[in-house]
Structures are given as structure tokens and as C-alpha cells.
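Can you look at this prediction? I've put the sequence above it.
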Amino acid sequence: MRIARSLAFVALLILAAVAGGCSSQPSMSSWQKDVSHYVADQGRGDPLVLRDMTIPGDGRPGFSVIGHHDTMQSVDLNGVLLGHERIDGRAWFVYLVGQVEKERVTDIRLAALSMRGGKSTWKRGKGSNQSLNTYRAFGEKQAKERFPDRKSLPPRYGGFPRPDDVFKLTNENGKLTATHEASGAWWELTLTGGKR
């Protein structure tokens, strides 16, 4: 029953995005709002409902918003749930979120959600062009090694996340770091010291 409700909610998000056309393509901010709405609607304010969500076609824990059914016209947001951290007395759900435009990842950053009294609090790290380029280059290299005769990059090697991706989350006194172990690309978010 819980899975059926989750799938129905994801289907509604996809339909809403498709019906809205190109003018309402998802963004990092709208992805956060969709996650918060999902917790409010499907979890009745309990963020533990997020543990049951998976990325379509990938299967790992996460939350996706699809902008269009045609991937070459779409902006999609895929958030991989990396873990749960308790920092300064608050519980946080930590995601690494990738924005994919026309089958190519264009932004990756850490985002964390904490809920109190039915109210969501989000913190989001900055993107890193260096880490994004390192992650992209690794996917392109992997594709060339596996498909040497192919002229174009297979979508799974240009997007986010990729099937072989392993991300490691570390927490050093509230400073979170997510590392893509194969390429060495990393992203940071600090959750200590009040509002950010």
C-alpha cells in the first residue's frame, strides 16, 4: 500500500511536470519543494517515508523529479539519499542531487532536509565546477573504454547517478562531504553554527 501511494505520487509529479511544458522545468529549489510536499502528503509530516522512495530505473534510495517524457527535451533532478545524520540536535536526510539537462548532468550539490513540527528546513551546498567536470570526465572515459566504437555518449554515462556510482558520505563536526569514490569528485555542505 505504501509503495503504491509512493508510485502514484511520483506519477503525479511527472504528469504535472509534463503538462506544464518547458516553462516549468524542475530546478533544485522545486525539487526541494516536491520532497517537502511528498513528506507532508504521503508521510503525514514524517520524513521517514523518504526511506521507501527510490530513483526510477536505478533502484537506489532517492527522490527524482522528471521534467519531460522525452529525455532530449527534459531537465530532471535526481537526489541520491546518502544517509541520515544527527547534527546540533537535529536529524537530517542528506542527498546528493544532480540536475540532468538533455541527458547530461549540469549541476551536482549536497542538500539536506530536517523536519520539526511539520516544518521543513533545507540546507544546500554550493556546486563545484571542478568536481562536476571531474565526474563528467570519468563517465566519458568509462563509456569510451566500454564502447570504443560508439561515436556518441550513452545517456547512462552522461547523466546522474550512474549505475556503477558509489558515493561516500563523511561528517566531521557537521561538515558533510560526499565523495564519488571512482573519480575523486567531492561536494560539501556545512550544517553547524545556526542558519546558513
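Now that the structure is in, tell me what you want to look at. What you are looking at is a predicted structure, and each value in this text was computed from that prediction instead of being measured. Numbering: from 1, shown residues only.

Spatially nearest residue to Trp92 (excluding sequence neighbours)?
Distance criterion CB to CB, 6 or more residues apart in numbering; nearest residue to Trp92, sequence neighbours excluded, is Ala112 at 4.4 Å. In this view, the C-beta of every residue, glycine as well, is placed from N, C-alpha and C.

Bridged to the one you found, which residues?
Note on Ala112: beta-bridge partners Val94, Lys123, judged by DSSP bridges.

Do you have the strands of this structure handy? List them.
Counting by DSSP state E, the chain has strands at residues 62-65, 75-87, 90-101, 104-116, 119-124, 167-172, 175-180, 186-190.

Listing request: residues of this structure with sub-threshold pLDDT.
By pLDDT under 70, the weakly predicted segments of the chain are 1-24, 193-196.

most centrally placed residue in it?
Gly79 (1.3 Å; CA atoms, centre = their mean).

ok, now how distant is that one from Ala112?
11 Å (CB to CB, to the nearest Å).

joint contacts of these two?
Listed contacts common to Gly79 and Ala112 are Tyr95; contacts here mean CB atoms under 8 Å, 6 or more residues apart in numbering.

Just give me the neighbour total for Lys144.
Lys144 has 13 neighbours, counted by other CB atoms under 10 Å.

swap in the one 3 residues further on?
In terms of burial, Phe147 registers 13 neighbours under the definition other CB under 10 Å.

Nearest spatial neighbour of it, chain-adjacent residues omitted?
In space, Phe147 is closest to Pro154, 6.5 Å off (CB to CB, 6+ apart).

Format the CA atom coordinates belonging to stretch 140-156 as PDB.
Provided in PDB are the C-alpha atoms of stretch 140-156 (Å, rounded to 0.1, in the frame of the first residue of the first chain):
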ATOM      1  CA  GLU A 140      33.100   9.800 -20.600                       C
ATOM      2  CA  LYS A 141      36.300   7.900 -20.100                       C
ATOM      3  CA  GLN A 142      34.300   4.900 -18.800                       C
ATOM      4  CA  ALA A 143      32.000   5.000 -21.800                       C
ATOM      5  CA  LYS A 144      34.900   5.100 -24.300                       C
ATOM      6  CA  GLU A 145      36.600   2.200 -22.600                       C
ATOM      7  CA  ARG A 146      33.400   0.100 -22.600                       C
ATOM      8  CA  PHE A 147      32.100   1.200 -26.000                       C
ATOM      9  CA  PRO A 148      35.200   2.100 -28.100                       C
ATOM     10  CA  ASP A 149      33.300   2.100 -31.400                       C
ATOM     11  CA  ARG A 150      30.400   4.300 -30.300                       C
ATOM     12  CA  LYS A 151      30.500   7.900 -31.500                       C
ATOM     13  CA  SER A 152      28.000   9.400 -29.000                       C
ATOM     14  CA  LEU A 153      28.000   9.100 -25.300                       C
ATOM     15  CA  PRO A 154      25.400   6.600 -24.000                       C
ATOM     16  CA  PRO A 155      22.900   8.500 -21.800                       C
ATOM     17  CA  ARG A 156      23.700   6.500 -18.700                       C
END
